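Trainee: Kindly generate the corresponding structure for this input.
(chains A, B, C and D)
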Number of protein chains: 2
Amino acid sequence: MAGLAEKLSDRQRDILNFIIEFVTEEKYPPTIREIGKQVQISSTSVVNYNLKRLEEEELITRRKEKSRGLALNWGKLLTEGLIDESQLPGVAIRIPVLGAIAAGEPIQVIPSEANNADDYLEVTEAMLGDARNTDKLYALRVQGDSMIDASVMDGDVVILRHQERAENGEMVAAWLEENEETTLKYWYADGKRIRLQPANPNYNPILCDPATVHVQGKVVGVYRSI
Amino acid sequence: MAGLAEKLSDRQRDILNFIIEFVTEEKYPPTIREIGKQVQISSTSVVNYNLKRLEEEELITRRKEKSRGLALNWGKLLTEGLIDESQLPGVAIRIPVLGAIAAGEPIQVIPSEANNADDYLEVTEAMLGDARNTDKLYALRVQGDSMIDASVMDGDVVILRHQERAENGEMVAAWLEENEETTLKYWYADGKRIRLQPANPNYNPILCDPATVHVQGKVVGVYRSI
DNA sequence: TCCAAAAACGAACAAACGTGCTTTTGGGGG
DNA sequence: CCCCCAAAAGCACGTTTGTTCGTTTTTGGA
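Mentor: As a prediction, this is how the structure comes out:
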């Protein structure tokens, strides 16, 4: 394999980049003339000529006599190193909204039984710093203002990754037996006690017995739709 | 609200379904004649007529005199129950992150010059209840804890739709001349004064002269990545 | 330097495509 | 019954857009 990137002329690379940009921006492919205008080619036939080359390299697909009848071959563009992952059209991840999270109630749902949820939150991979283990992700709608200390409001949706243990510094959703409430706090194991630190520094941390704190999951993100 | 689904004629529903199917399949929108052929409409003007209706309902967007210049408003299709989540394309929309929003500084960037942003926030159309005017969307990173009264923290990303006037009850990002700061508040025009109401009821509203308040945009969403 | 292939060019053509105009159809209300 | 009007239909016009062709320029190797 001769490295396709070097085989392309500057113009062909320009054309390719413009098509990529145009498609991600406008949601449909450009016309020959729109390409020509951007890449400083006065003649439509020259654009057509280079598109034919790109088609021979199977970087694009064309449909005869159809306006805007061209499509990018994202897979090959990626394997040939002509684009990187960040340029790929973002893929949506569907996170099941398993229920609500309220002050006075534990989270009752079991994430592993997340099959027949009727409510989903669609996010993108880019929104999750770490796109692994997406099958362990679930979301909960916040009810009430009891988590205002974490700047989480009534109606917010919290995205969680299911796990039962937490590392120091992770933000977790935890059920506190003593207070009989679910809370969102930063987790610190200070010696024999667990320190739960609110995100808002104006509030005081809670110290409690590890046996009475039940981690429901790690908080990955919070979304508020206005 | 009269339930938009009933307001549509059978033909309009057919057209809509075909566009959805076509876009999902071909990755670009159909032409008027391609629609007509499928929906058994001999006249292009009838298709055009119904497309105009669909545009009035803000279910689609059209670009004048551009071939295949139509786009679906997935967000509204979803909220109106015309499609379900499974039909949503796994495609993300990219919102340019134009800069930061901090207490002591006005927002300096002009959304219309949002071309060469190097930072993007990828979201899904489902996250925006109303996916119109996606080109007017932009995002800002929050610096500092000055907006804690709106439960917006340092590091949060605020998604905005550019507009210079606000309706009562809308949450806006506004520059206050008197205080020399940008703030996120609910907008109420009470007589001759503007009342800016914090989202957190524990804080007090601000009353100010309309001439000294500059709306930067309507807040559409807030995302916090942990 | 010369030559042939590749690339670029300009113009013209034809198909595709959006738009506007006029006419017809089909109820619903006065 | 007539009138009104949304909806549909057919058609034609002008623009957009893809294609083709003859020619010129550039490129690279003999």
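Trainee: When you work out contacts or count neighbours from here on, use the C-alpha atoms and nothing else.
Mentor: Fine.
Trainee: what's the longest strand in chain A?
Mentor: Assignment by DSSP state E gives strand A:213-225 as the longest strand of chain A.
Trainee: pLDDT on that strand, on average?
Mentor: The average pLDDT within strand A:213-225 is 93.
Trainee: quick one: is it near chain B?
Mentor: Yes. Using Cα under 8 Å from any Cα of the partner chain, strand A:213-225 reaches chain B at A:219-225.
Trainee: quick one: contacts for residue A:100?
Mentor: Taking Cα atoms under 8 Å, 6 or more residues apart in numbering or on different chains as the contact definition, residue A:100 lies against A:107, A:140-143.
Trainee: in its sheet, what does the strand or helix carrying it sit against?
Mentor: Assigned by DSSP states H and E, residue A:100 belongs to strand A:92-102. In the sheet, strand A:92-102 lines up against strand A:120-124 (antiparallel), strand A:137-143 (parallel) (DSSP bridges).
Trainee: May I see the PyMOL selection of the buried members of the residues of strand A:213-225 next to chain B?
Mentor: Here is the PyMOL selection string for the buried members of these, based on 16 or more other Cα atoms under 10 Å in any protein chain shown:
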select buried, chain A and resi 219+220+221+222+223+224
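Trainee: Mind checking if the lengthiest helix in chain A is in reach of DNA strand D?
Mentor: The longest helix of chain A (DSSP state H) is helix A:10-26. No. Against DNA strand D, helix A:10-26 shows no contacts by Cα under 7 Å from any atom of the strand, the least distance being 11.2 Å.
Trainee: which intervals of chain A have sub-threshold pLDDT?
Mentor: In the predicted model, chain A carries pLDDT under 70 at residues A:1-3, A:103-118.
Trainee: Got the domain ranges for it?
Mentor: A:4-87, A:92-223 (automatic domain parsing).
Trainee: Select, out of these, the one closest to residue B:73.
Mentor: Residue B:73 lies closest to domain A:4-87 among the domains of chain A, at 12.1 Å (Cα to Cα).
Trainee: Tell me the residues of chain A that contact chain B?
Mentor: Counting by Cα under 8 Å from any Cα, chain A sits next to chain B at A:27-29, A:67-68, A:71, A:89-93, A:120-124, A:126-129, A:148, A:151-153, A:171, A:219-226.
Trainee: Give me the buried subset of those.
Mentor: Using 16+ other Cα under 10 Å, the buried ones in the residues of chain A next to chain B are A:27-29, A:67-68, A:71, A:89-93, A:120-124, A:126-128, A:148, A:151-153, A:171, A:219-224.
Trainee: Past the longest helix of chain A, which element shows up next along the chain?
Mentor: Next element after helix A:10-26 (DSSP H and E): helix A:32-38.
Trainee: Up against DNA strand C, what does chain A have?
Mentor: Residues of chain A lying near DNA strand C (Cα under 7 Å from any atom of the strand): A:9, A:11, A:41-46, A:49-50, A:65-67.
Trainee: and those residues, which of them are in helices?
Mentor: Using DSSP H, the residues of chain A next to DNA strand C in helices are A:11, A:44-46, A:49-50.
Trainee: Neighbours of residue A:133, how many?
Mentor: Neighbourhood size, residue A:133 [other Cα atoms under 10 Å in any protein chain shown]: 9.
Trainee: gap between the nearest residue to residue A:221 once chain neighbours are set aside and residue A:72?
Mentor: Excluding its sequence neighbours, the residue lying closest to residue A:221 (Cα to Cα, 6 or more residues apart in numbering or on different chains) is residue B:225, at 4.5 Å. The spacing between residue B:225 and residue A:72, counted by Cα to Cα, to the nearest Å, is 32 Å.
Trainee: just residue A:199 next, same as before
Mentor: Look at residue A:199 and residue A:72: by Cα to Cα, they are 45 Å apart.
Trainee: if we can go back for a sec, list the helices and strands the longest helix of chain A packs on?
Mentor: With contacts taken as 3 or more Cα pairs under 8 Å, 6 or more residues apart in numbering or on different chains; DSSP states H and E, helix A:10-26 sits against helix A:32-38, helix A:44-56.
Trainee: The same query, at a cut-off of 6 Å, please.
Mentor: The contact analysis (3 or more Cα pairs under 6 Å, 6 or more residues apart in numbering or on different chains; DSSP states H and E) places helix A:10-26 against no helix or strand.
Trainee: ok now do residue A:188, which residues does it touch?
Mentor: With contact set as Cα atoms under 6 Å, 6 or more residues apart in numbering or on different chains, residue A:188 has these partners: A:168-169, A:194-195.
Trainee: starting at the chain centroid, how far to the strand holding residue A:100?
Mentor: 14 Å (Cα atoms, centre = their mean, to the nearest Å).
Trainee: Then stretch A:55-67?
Mentor: On Cα atoms, centre = their mean, the centre of stretch A:55-67 falls 31 Å from the chain's centre.
Trainee: ok, residue A:199 - contacts?
Mentor: Applying Cα under 6 Å, 6+ apart, the residues near residue A:199 are residue A:150.
Trainee: Quickly find the element holding it.
Mentor: Using DSSP H and E, no helix or strand contains residue A:199.
Trainee: Make a markdown table out of the residues of chain A next to DNA strand C and add distance to residue A:20.
Mentor: Listed next are these as a markdown table, based on distance: Cα to Cα, whole Å:
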| residue | distance to residue A:20 |
| --- | --- |
| A:9 | 17 |
| A:11 | 14 |
| A:41 | 18 |
| A:42 | 21 |
| A:43 | 21 |
| A:44 | 19 |
| A:45 | 20 |
| A:46 | 19 |
| A:49 | 18 |
| A:50 | 15 |
| A:65 | 21 |
| A:66 | 19 |
| A:67 | 17 |
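Trainee: Just the buried ones from these, in ChimeraX syntax?
Mentor: For the buried members of the residues of chain A next to DNA strand C, the matching ChimeraX selection, counting by 16+ other Cα under 10 Å, is:
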select /A:50,67
